[in-house]
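# let me see the structure of the following:
(chains A and B)
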Amino acid sequence: MTKLATTEAVRRGGSYSHAVVSWIDADGYPTTVGTDFGTEPESSTVTLGPFHADLKPAAGQELCVTFSHIRPQKGVGYDERRYVNVWGEAAITGRNVELVATRAAGWDEAEVPFFEYAERNVPRARNYLMELGATVKLSPFWTFFLATRLPFLTATLSPVALGAVVAGRDGAFTWGTFLLVLLGATAVHLGLNMANDLFDDANGADQANVTPTMFSGGSRVIQYGLVSRSSMFKACVAFYAVAIAVGVFLAATRTWSILWLGMVGIALSLAYSAPPLRLVHRGLGEPVTALGFGPVMALGTYLALAKTWAGEPVLASVPIAILVALILYVNQVPDRVGDAAVGKRTLIVRWPKDRVIAVYVALAAVAAISIVANVAFGVSPVWTLLALLPFPLALKVRRGMTAHYDQPYALMSFMQDNITLHLGVSVLLVVGYAIHMIFG
Amino acid sequence: MSGVLPDDVADLFNRALVGELTVVNPAGEPVTYPLIPLYDGTYIYLTSAALFSKKLEHIKANSKVCFSITDPVAVPDGPFGRVTVQGDAVVIEDDPHSGWEELLPLWRAKEPVIDSFVKKRFGIPLFFERSIIRIDPRTVTWWPGGDTSVAPQKVEIERVA
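Purely as a prediction, here's the structure:
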């Protein structure tokens, strides 16, 4: 329930079909009657009734008047939930009762979507459960799934697969090394996700964000009490330890060059949100993400497999580097209020809506052009032009951002489209290389 | 009567998608919350997420409550009437994680989509940490047809407990 001005509450009340009047009877029980009503918003007055003489409040009694609405959806349930409560003293005028509202509250899911309404009440829920001696629970699988933000691993799979397929074309692919690289890269990514959550918890960004979505606002496992900060920290350290161990093993067994690239990758992942650099706070989250989840991973994979440096995996990864940065970019749109509140000045916080959208379109265009350029300059095989097919999704994302920039939940499907764009381009680049290897 | 409530009233409870729970706050004032009523023939059940637990605190401090059905739109598929049931409520929350799931068959009958929400409880886990509000009915006041300007019918309920 959100507090409302009484005039506004009564004005809203006038749009409902009936009023529900509650008062406390002589036995101390609340009693309630649904009735007709009229409103005068200017004076915060509600006139209720007519009542039957046997059942109406007494003059001077404190009343709660509720206006409530739903829309039934047969076979589903209902939607369009909204209600308004006003309180005030009863004045009797014949068979009617008049109330001048002295305070009011309510909720309308068209204004505050249910998920935001729920999110605003998370501290209350945690305190309530703590007093009960209970804790929020999920299965170990779902807790791990949420805490690691597992679905975002597509951002790692894409450059690793691309680096591997380029190495494969050069006759340097082996499954054992590929799987080890994948393990190491995955560990860095999951460690990074957890580190980011820990830092966003410490600086208050996630708490300040009351409109998280399945793609933005962090994993929320700390805020919801699903995982303690210390457990999150231990898991984060464990993932980085696995990444370092894999990196050292690959360095020792393949080429020591991998160690330097691995250190760059880990440094970027930490500098992203860890002080003192906190690059994402300085509007540098996108370039860091592009570098880490593009050239660094693609080249690292190639290096581990081919044991030599090469420019092709770097150039081939440019489109997916741009598109992965655009995932972060768009996903920060719903986070911008919470981010701004704690001084996390991402590009989305710094720029107005029009510039944000224009830069999105420009960068998506650069990603598409880079695919064509790679083919034109003989870097990538012609079949990689297949990766242009998903780019109309960028126009859909632009339309979604234009229409729903201030509506996080309406924006969700377009965030999904943006992720699909990155994944689709990545898969088709890999397919393009595979076709080239098979058919020449 | 096949249950505690008169048959016509039980029918209203079984069809109502939403009604109003009114509790007493510490200042002695009524506070009303729209909720889905579930009726098993003996008690009226409601559930509340820990997220929206204020009403639970009020009930624990003062068990006197009433539940009303007033909105014709929220009572589809049959004759409408308005009803107010006063009673004493207890909050059952030995197991907020899954204790409320025993009410799922009654809940599902009114809101079939609940099953898909439960499957996705990982998306909003605190919504599915829930307490049960069990109302032991004391008096029933109802208006067949829903016109509350006329004399209501009243029934004192023989208490279960």
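
# scan chain A for its longest helix.
Counting by DSSP state H, the longest helix found in chain A is helix A:408-439.

# counting by contacts, list what that one packs against.
helix A:114-120, helix A:154-169, helix A:318-331, helix A:353-376, helix A:392-404 (3 or more C-beta pairs under 8 Å, 6 or more residues apart in numbering or on different chains; DSSP states H and E). From N, CA and C alone the C-beta is placed, and that goes for glycine too.

# with mean neighbour count, distance to chain B and mean pLDDT added, can I get the ones you listed in TSV?
Listed next are those as TSV, based on neighbours: other C-beta atoms under 10 Å in any protein chain shown; distance: least, C-beta to the nearest C-beta, whole Å; pLDDT from 0 to 100:
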stretch	mean neighbour count	distance to chain B	mean pLDDT
helix A:114-120	18	5	94
helix A:154-169	24	19	97
helix A:318-331	25	16	98
helix A:353-376	17	27	98
helix A:392-404	17	20	97
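
# closest to residue B:104 out of the ones you listed?
helix A:114-120 (19.7 Å; C-beta to C-beta).

# rewinding a little: centre of the chain to the longest helix of chain A, how far?
Distance of helix A:408-439 from the chain centroid (C-alpha atoms, centre = their mean, to the nearest Å) equals 19 Å.

# residue boundaries of the strands in chain B?
B:19-24, B:30-35, B:38-39, B:44-49, B:64-69, B:81-92, B:130-144, B:153-156 (DSSP state E).

# got a list of contacts for the first one?
The reference is to strand B:19-24. Applying C-beta atoms under 8 Å, 6 or more residues apart in numbering or on different chains, the set of residues contacting strand B:19-24 from outside is A:20, A:22, A:24, A:28, A:30-32, A:64, A:66, A:68, B:13, B:30-37, B:46, B:55, B:58-59, B:62, B:64-71, B:74, B:89, B:133.

# note down every partner strand of it and its orientation.
strand B:30-35 (antiparallel), strand B:64-69 (antiparallel) (DSSP bridges).

# would you mind finding the most buried of those strands?
For the strands paired with strand B:19-24, the largest average neighbour count (mean count of other C-beta atoms under 10 Å in any protein chain shown) is found in strand B:64-69, namely a mean of 26.

# show me where pLDDT drops low in chain B?
Filtered on pLDDT under 70, chain B yields the residue ranges B:1-2, B:159-161.

# again, 50 this time
Filtered on pLDDT under 50, chain B yields no residues whatsoever.

# tell me, what residue is most central in it?
Central residue of chain B (C-alpha atoms, centre = their mean): residue B:37, 3.3 Å from the mean position.

# residues in contact with that one?
B:13, B:16, B:19, B:44-46, B:67, B:69.

# quickly check those residues for the two that are furthest apart.
For the contacts of residue B:37, the farthest-apart pair by C-beta to C-beta is B:45 and B:69; their separation is 14.5 Å.

# returning to that earlier point: got the helices and strands packed on helix A:408-439 as CSV, with distance to residue A:223 columns?
Shown next, in CSV, are the helices and strands packed on helix A:408-439 (distance: least, C-beta to C-beta, whole Å):
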stretch, distance to residue A:223
helix A:114-120, 9
helix A:154-169, 23
helix A:318-331, 17
helix A:353-376, 26
helix A:392-404, 24
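
# okay, now the closest residue to chain A within chain B: neighbour count?
At 2.7 Å from chain A, residue B:70 is the closest residue in chain B, using C-beta to the nearest C-beta. Residue B:70: 29 surrounding residues under other C-beta atoms under 10 Å in any protein chain shown.

# residue contacts, residue A:400?
Each residue near residue A:400 by C-beta under 8 Å, 6+ apart is listed here: A:410-411, A:413-414, A:417.

# out of these, who's nearest chain B?
residue A:413 (15.1 Å).

# burial of the closest one, as a residue count?
Neighbour number of residue A:413 under other C-beta under 10 Å is 13.

# quickly note the distance from the closest residue to it other than its chain neighbours to residue A:332.
Leaving aside its sequence neighbours, residue A:413 sits nearest to residue A:400 (C-beta to C-beta, 6 or more residues apart in numbering or on different chains; 7.1 Å). Noted for residue A:400: a distance of 15 Å to residue A:332, by C-beta to C-beta, to the nearest Å.

# do residue B:5 as well
Distance, residue B:5 to residue A:332, by C-beta to C-beta: 53 Å.
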